[in-house]
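Can you look at this prediction? I've put the sequence above it.
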Amino acid sequence: QVQLVESGGGSVQAGGSLTLSCAASGLTYNNWCMAWFRQAPGKEREGVATIRKYGSTSYADSAKGRFTISQDNAKNAVYLQMNSLKPEDKAMYWCAEVYCNGGFVRRHNSWGQGTQVTDSS
């Protein structure tokens, strides 16, 4: 059973930086693909970035140039470095295992508890 624990959220001013962490266990495949999602108040949940265990990354347009997704394969951990934060980045963030086709289709129905990013501006 997959377990995902997100952390690192907090209150940050516009223009600031924050790094989110995701600790994963019970992933379906050894060569996993993971993604970060977010849901802002009043909006639908959306994909932010994906990463393959041994390679490529992809980003939603809203994240390109500002966010960086990375992994620590030894820890089955995934990170999201967020720079130049904007008020619209205020959201709940989750990680999830996804199919390795570059999209945001999740392999599992459940979500972790997520981590909240708030705007302190």
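Alright, I've got the coordinates. Being a predicted model, the structure only gives us computed values, none of them experimental.

going forward, measure contacts and count neighbours with C-alpha atoms only.
OK.

tally of neighbours for the closest residue in space to Asn31 that isn't next to it in sequence?
Distance criterion C-alpha to C-alpha, 6 or more residues apart in numbering; nearest residue to Asn31, sequence neighbours excluded, is Lys53 at 5.7 Å. For Lys53, the neighbour count with other C-alpha atoms under 10 Å is 20.

just checking, Lys53 touches Trp32?
Yes. Using C-alpha atoms under 8 Å, Lys53 is in contact with Trp32, at 5.5 Å.

Any idea what the residue nearest the centre of the chain is bridged to?
For the chain, Trp36 is the residue whose C-alpha lies nearest the centre (C-alpha atoms, centre = their mean; 2.2 Å). Taking DSSP bridges as the rule, Trp36 bridges to Ala49, Cys95.

quick one: contacts for it?
Gly47, Val48, Ala49, Thr50, Leu80, Tyr93, Trp94, Cys95, Ala96 (C-alpha atoms under 8 Å, 6 or more residues apart in numbering).

and the first one, how many neighbours?
Per other C-alpha under 10 Å, the neighbour tally for Gly47 reads 21.

That one and Arg106 touch, don't they?
No. Look at Gly47 against Arg106 with C-alpha under 8 Å: they stay out of range, at 10.2 Å.

In three-state terms, label Glu88 for me.
helix (DSSP: H, G, I helix; E, B strand; the rest coil).

State the distance from the residue lying closest to it once chain neighbours are set aside to Asn31.
Leaving aside its sequence neighbours, Glu88 sits nearest to Ala40 (C-alpha to C-alpha, 6+ apart; 7.5 Å). For Ala40, the distance to Asn31 (C-alpha to C-alpha, to the nearest Å) stands at 30 Å.

ok, of the contacts of Trp36, which one's closest to Ser62?
Ser62 lies nearest to Val48 out of those, by C-alpha to C-alpha, at 7.5 Å.

pLDDT at that closest one, what is it?
For Val48, the pLDDT comes out at 98.

which residues sit in contact with it?
Contacts of Val48 (C-alpha under 8 Å, 6+ apart): Ala35, Trp36, Phe37, Arg38, Tyr59, Ala60, Ser62, Ala63.
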